[in-house]
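>>> A structural model of the following input is requested.
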Amino acid sequence: MPGSGVSAAAVDAPGAAVARGTHPYYVLALLFLAYTFSFVDRQILSILFEPIKAEMELSDTQLGFLGGLAFALFYSTLGVPIAMLADRSVRTRIITVSLVVFSAMTALCGLAQNFWHLALARVGVGVGEAGVNPASHSIIADIFPPAKRSTAMGLIAVGPNAGMLIGLAAGGILSVQYGWRVTIMAVGLPGLLLALIFWLTVREPRRGGSESRSADVAAPPVRESVVYMWRNRAMRHLVIGAMMKGIGGYGLVSWMPSFLIRTHDLSAAQVGLLLGVGLGVIGGLGAFLGGYLNDRLSKRRAGAGLAVIAVITAAVYPFSVGAYLVPELWLCAALLVFQIFGGGMYLAPSFALVQSLARLRMRSVAAAVKMLAINLIGLGLGPWAVGALSDMLRPAFGDDSLRIAMPIVGAFAVWGALHFYLSSRHLEEGLAEAQRD
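The predicted structure is shown next:
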């Protein structure tokens, strides 16, 4: 029976196991694809900013809104109620429906005739994607034990980079050949096939199965979960750190194609290939290494891995500043390697630690609250802040306004690094608190 047909009571029954045909790594592979597709659909707009701007005569502020807040507002706020449902019902069903909705709404973006049509379609993409991450992270926590969880999350964390590789490379090439409308439809539709495969082949795992624990108590109200997360000092600093890092990270990534087109006169196809390889391959390696390092170093001392990630996050910022200010393209690309490689190393540890720091029946909500912070504030404000600051600086700096605005907003990553370090100092006590179900 596919995931849609399993009752919540059955999957929580003692002794329930991952069903035949749903080996943990098979499930992980499909969840990786779901995350990849979600990022293709989320980020495809960035490579299409310039043709959309020209056709619809939009400002940078409007483009920043479409790339950020229009998506992030509903993606973030709906994540919490959907996560509450995931903590109480069948998570595989939620992921399937989410795949269908965000894939269809991405395709509909290609039919938009004006700014408001496009904004509404982006809202739909956000609504669809809201259910993927919290349910996915909860499932991974139930099929991979704590000692392997950051590495598993590291594979999932490569999804955004793979999504950027596909979205930027394919988007840049397709947009030159067929225009932005065909491009955005082409990247949206494959998610419908993945939804069908997931629906037919993945079954719901037992909650707590990877730790030989049982979720006997009912899922707590969302207020209780949020209060727990705030009082747990390791969790609190982890979420704040991810939120601050999100402002800088999403702000830079969303505007990087436009920066290269405006400042270095590259075509959309050239930008797609350059950033596709950079963000997809180099960023993917960094994301996976972050999870692997956290697992390895945390065997010596809880928090050791996160402390190292904090140092790396802060250390790559000066390279980022240089990348946007140097005049030579080759030097800009060389400096961006450091930003791209180190910038995503926090993802896997933060995903895994939120699950480890949360109690069993609040894991989906914990993931959703973190995603609320990182996306409503990070994704919602980051791209918009860069666009608005670019418009404000244009009278003084002209066409260089964007390259000045980007490193200013990127400085939020250093603020995030401070909170990652503070989280590492309280991690041992936070993990002990999570065991008191």
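>>> rest of the way, CA atoms for contacts and neighbours
Fine.
>>> Need the residue closest to the centroid of the chain.
Central residue of the chain (CA atoms, centre = their mean): residue 160, 6.2 Å from the mean position.
>>> In contact with that residue, which residues are there?
Residue 160 makes contact with 35, 36, 39, 40, 280, 284 under the criterion CA atoms under 8 Å, 6 or more residues apart in numbering.
>>> please redo it, this time with the cut-off set to 7 Å
Applying CA atoms under 7 Å, 6 or more residues apart in numbering to residue 160 gives the contacts 35, 36, 39.
>>> what does residue 71 give?
Contacts of residue 71 (CA under 7 Å, 6+ apart): 122, 123, 125, 126.
>>> what about it, distance to residue 337?
Going from residue 71 to residue 337 by CA to CA, to the nearest Å gives 28 Å.
>>> Residue 412 too?
For residue 412, the distance to residue 337 - CA to CA - is 19 Å.
>>> hang on, the earlier thing: per-residue confidence at the residue nearest to the centre of the chain?
On the pLDDT scale, residue 160 is placed at 78.
>>> element containing it, please.
Using DSSP states H and E, residue 160 falls within helix 146-178.
>>> For that helix, list every residue counted as buried.
Buried residues in helix 146-178, counted by 16 or more other CA atoms under 10 Å: 146, 148-175.
>>> Helices of the stretch 201-350 of the chain, residue ranges please.
For the stretch 201-350 of the chain, the helices defined by DSSP state H, counting those that start in this stretch occupy 222-231, 233-264, 268-277, 283-298, 304-315, 317-325, 329-343, 347-357.
>>> Ok, the stretch 1-150 of the chain next?
Counting by DSSP H, counting those that start in this stretch, the helices of the stretch 1-150 of the chain are 8-11, 24-47, 49-56, 60-67, 69-86, 91-109, 115-129, 132-143, 146-178.
>>> Determine how far the helix or strand just after the last one lies from the middle of the whole chain.
Helices and strands here follow DSSP H and E; after helix 146-178, the next one along the chain is helix 180-188. With CA atoms, centre = their mean, to the nearest Å as the basis, the distance from the averaged C-alpha position of helix 180-188 to the chain average is 21 Å.
>>> which helices and strands does helix 180-188 pack with?
helix 24-47, helix 91-109, helix 146-178 (3 or more CA pairs under 7 Å, 6 or more residues apart in numbering; DSSP states H and E).
>>> Quick check: mean pLDDT of it?
Here the average pLDDT along helix 180-188 is 90.
>>> Over to stretch 246-266?
On average, stretch 246-266 scores 89.
>>> in it, what's buried?
Neighbour counts over stretch 246-266 (16+ other CA under 10 Å) mark 246-263, 266 as buried.
>>> Stretch 108-123 too?
108, 109, 110, 115, 118, 119, 120, 121, 122, 123.
>>> Quick check: the gap between the third one and residue 357.
What that stands for is residue 110. Going from residue 110 to residue 357 by CA to CA gives 41 Å.
>>> for the second one, same thing?
In this view, residue 109 and residue 357 are 38 Å apart by CA to CA.
>>> residues touching residue 104, list them.
If you count contacts by CA under 7 Å, 6+ apart, then residue 104 has 188, 189 around it.
>>> Let the chain start at 164 from now.
Taking 164 as the first residue, the last one we looked at is residue 267.
>>> If I look at it, what pLDDT would I see?
93.
>>> What pLDDT does the model give the spatially closest residue to residue 537 that is not a sequence neighbour?
Take residue 537 and drop its neighbours on the chain: the residue closest to it by CA to CA, 6 or more residues apart in numbering is residue 406, 4.1 Å away. With respect to pLDDT, residue 406 scores 92.
>>> what's the burial count for residue 406?
Residue 406: 27 surrounding residues under other CA atoms under 10 Å.
>>> Settle it for me: which of residue 575 and residue 500 has more neighbours?
Neighbour totals were compared for residue 575 and residue 500, and residue 575 leads with 23 against 19 (other CA under 10 Å).
>>> Go through the helices of the stretch 364-513 of the chain and find the least confident stretch.
Sorting those by mean pLDDT places helix 431-440 lowest, at a mean of 78.
>>> Give the other helices and strands that that helix contacts.
Here helix 431-440 touches helix 309-341, going by 3+ CA pairs under 7 Å, 6+ apart.
>>> and the direction of the helix it packs on versus that of helix 510-520, what angle?
Helix 309-341 and helix 510-520 are oriented at 140 degrees to each other (axes from the mean of the first three to the mean of the last three CA atoms, to 10 degrees).
>>> Now find how far off-centre helix 309-341 is within its chain.
Distance, centroid of helix 309-341 to centroid of chain: 10 Å (CA atoms, centre = their mean).
>>> how far off helix 187-210 does that helix point, in degrees?
Using the same axes, to 10 degrees: helix 309-341 against helix 187-210 is 40 degrees.
>>> Could you tell me the angle between helix 309-341 and helix 492-506?
Between helix 309-341 and helix 492-506, the angle comes out at 150 degrees (the same axes, to 10 degrees).
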